[in-house]
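Visitor: Provide a 3D model corresponding to the input given below.
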Amino acid sequence: MMFRAQGRCALISAAAVSAVAVCILLGGTARGAESAPTAAPPSFAGSPAADGALSRQAVESLMQEMAARGASFSPERLSSLGPAGLKAVLDCVFPETAPIEEDEPDDAMIAGLLEEMRDDQYQTREAATERLLKLGPAARKTALRLAQQSDAEVSWRAIRVLRAWDDQRRDDMTRYSAALAACFAQINDPPRLEILADRTRRVLELGAPSGGKANIMRDMVRTLYAAKDDRWLDRLAPVFKKAANRADQVLIQWLSQAMAREAGRSDMNRAVAAGEIAAARGGSSAEPPAAVFVPRLLIAALQSDQTPVQLVALQAVPTKPDGPNVSALREQLDAMFAGTNDTVKLRAARPLIVAFGHAGAYDYLLEQAAQRENAARRQEALSMMAQLGPNRGPLPPKAAAVLPELLKQQELGHARVMAAGILGSHTGKAVLDALIPALADNYQPLAQEAERRLMQYPDKGELLKALEQAAKENQRLKDAAGRIGEQIRSSEAQP
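Guide: All right, here's what the predicted structure looks like:
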């Protein structure tokens with residue numbers, strides 16, 4: 001029965017009714033998890049129906065156990081049900097995309113529902129109400145018509161059905177996210193990857209989900225990326241043309257997170273191995289970044305005609321791209337850098353530099369840092385250069401001409417501090433000649449940044465000589481140079 005005292009409504013067979021109504025979410029609200037039983041449900045053996053669909057009891061038990069057990073839910077429970085089980089679960093979690101198997105009821109069906117809801121027998125009225133509920137959104141117009149009936153019993157029941165549907169749409173499914181994350185992590189077979197990809201596309205074409213649904217979909221994208229097979233992620237490309245409510249940007253953010261997660265996991269494994277080797281050799285454990293698979297979907301996002309999508313995609317380009325799409329990635333980045341959109345060109349410079357060593361892109365950032373017409377672009381160019389990380393090599397000639405000059409321009413304010421930070425990531429005489437005089441600058445943030453960067457300078461002997469020479473030539477530098485020199489000697493004297 002639908003309206004029991006505990007507030008749960010029945011789950012139904014997809015073979016008999018609209019799949020949209022497969023799950024009215026154990027009460028239609030986030031409280032479903034609180035009332036879900038903690039005991040293990042019956043075995044699923046024999047639960048699939050004769051036509052391959054899952055029985056009502058199997059789906060209900062599965063969803064209850066997911067909500068109750070969360071991250072401790074066994075992924076084998078869902079895996080044992082195969083593609084049909086995954087479809088049934090996704091129909092419950094994303095009912096707005098479940099297939100609608102029923103058409104709008106005809107006049108005869110409406111008349112029958114109306115008659116049964118007026119019946120003297122409670123069981124008959126209840127059965128008619130559940131029939132209407134099971135028809136799903138295809139019967140919304142019918143429910144609205146019944147809700148306007150003068151008969152209070154009929155109107156009340158139709159309104160409750162409408163509210164149940166609305167609760168279903170609003171439910172963010174948080175109670176299932178932990179269990180589903182564990183389940184998705186085990187999926188690597190083509191039939192279920194295809195189901196995940198198609199459902200992800202259909203949801204995103206309606207708009208970006210929120211709350212628990214967003215977390216569930218993020219894990220679906222993560223699973224599709226982990227397969228390292230363009231067949232599945234390519235199915236999401238239509239999102240860039242049909243998506244609403246920033247869903248295209250959200251998709252690329254999820255893809256970026258999946259790629260970063262993979263890179264982080266690889267880097268951690270490599271760092272542990274490198275650390276063990278280095279410890280045995282008594283050397284450094286520094287390792288180059290891990291190679292990261294670049295899917296065609298990322299290139300499709302870079303080719304979007306929506307600038308916000310392109311900008312998010314540019315942030316997702318890894319430091320060390322890998323796979324069969326690297327050449328296509330380079331071609332697309334080159335095209336963006338050669339384009340007329342100044343914002344896109346500026347953002348494309350960073351991945352071109354870090355992933356492909358594009359000297360022209362670095363020079364372009366320097367040009368933007370040196371120009372005076374647009375302070376915001378200068379700030380962004382400096383910020384991007386700072387994000388490139390320590391180089392520890394000598395300053396390129398163009399950088400040696402631009403960055404020290406920025407330190408001298410009093411009106412630039414914080415941009416001078418950023419320039420000092422970039423200088424400090426390099427080594428050589430040009431770096432020391434620029435940073436040491438900044439120790440005596442009246443702008444304290446710059447003086448402090450210069451001191452911090454000098455303390456990190458790798459060649460302490462070269463630094464001490466430069467400080468001593470500067471102190472002789474400029475009395476204003478004497479105190480600061482002496483303080484830094486004393487700190488360096490003190491740290492070197494410690495065992």
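Visitor: ok, and the closest non-adjacent residue to Asp229?
Guide: Spatial nearest neighbour of Asp229, chain neighbours left out: Leu193 (7.6 Å); criterion: CB to CB, 6 or more residues apart in numbering. For every residue, glycine as well, the C-beta is placed using N, CA and C.
Visitor: which residues does that neighbour contact?
Guide: Residues near Leu193 by CB atoms under 8 Å, 6 or more residues apart in numbering: Ile187, Thr223, Leu224, Ala227, Asp229, Arg231, Trp232.
Visitor: among these, who's most crowded?
Guide: Counting neighbours by other CB atoms under 10 Å, Leu224 leads the contacts of Leu193 with 28 neighbours.
Visitor: find me the pLDDT at that residue, would you?
Guide: pLDDT for Leu224: 98.
Visitor: for the one 3 residues further on, same thing?
Guide: What the model reports as pLDDT for Ala227 is 97.
Visitor: cool, and Gly28?
Guide: Here, the pLDDT recorded for Gly28 equals 37.
Visitor: same check on Val354?
Guide: pLDDT, read off for Val354, is 93.
Visitor: isn't it up against Leu388?
Guide: Yes. Here Val354 reaches Leu388: they are 6.4 Å apart, a contact under CB atoms under 8 Å.
Visitor: give me the more crowded residue out of these two.
Guide: Higher neighbour count among Val354 and Leu388: Val354, with 20 against 14, using other CB under 10 Å.
Visitor: which non-adjacent residue is nearest that one?
Guide: Nearest non-adjacent residue to Val354 (CB to CB, 6+ apart): Thr319, at 5.1 Å.
Visitor: wasn't the one you found part of a strand?
Guide: No. With DSSP: H, G, I helix; E, B strand; the rest coil as the criterion, Thr319 is assigned coil and is not in a strand.
Visitor: neighbours of it, how many?
Guide: When counting by other CB under 10 Å, one arrives at 15 neighbours for Thr319.
Visitor: same thing with Gln249?
Guide: Gln249 is flanked by 21 other residues according to other CB under 10 Å.
Visitor: isn't Glu380 right up against Asp342?
Guide: No. Between Glu380 and Asp342 there is no contact under CB under 8 Å: 10.7 Å.
Visitor: the two: which has the busier surroundings?
Guide: A direct count of neighbours by other CB under 10 Å for Glu380 and Asp342 places Glu380 higher, at 17 against 11.
Visitor: tell me how far the helix or strand where that one lies is from the chain's mean position?
Guide: If you go by DSSP states H and E, Glu380 is part of helix 375-386. Its chain's C-alpha centre and that of helix 375-386 lie 25 Å apart, by CA atoms, centre = their mean, to the nearest Å.
Visitor: ok, then the element right after it?
Guide: Using DSSP H and E, the helix or strand that follows helix 375-386 towards the C-terminus is helix 397-407.
Visitor: what packs against that following helix?
Guide: Where contact means 3 or more CB pairs under 8 Å, 6 or more residues apart in numbering; DSSP states H and E, helix 397-407 is packed against helix 359-370, helix 414-424, helix 429-438.
Visitor: let's see which of the contacts of Leu193 end up in strands.
Guide: In strands, judged by DSSP state E, none of the contacts of Leu193 are found.
Visitor: which stretches of the stretch 51-200 of the chain form strands?
Guide: With DSSP state E, counting those that start in this stretch, there are no strands along the stretch 51-200 of the chain.
Visitor: show me the helices in it, by range?
Guide: 56-69, 75-79, 82-93, 107-117, 122-135, 140-147, 152-170, 174-184, 190-206 (DSSP state H, counting those that start in this stretch).
Visitor: could you give the mean pLDDT of the first one?
Guide: Spelled out, that is helix 56-69. Here the average pLDDT along helix 56-69 is 87.
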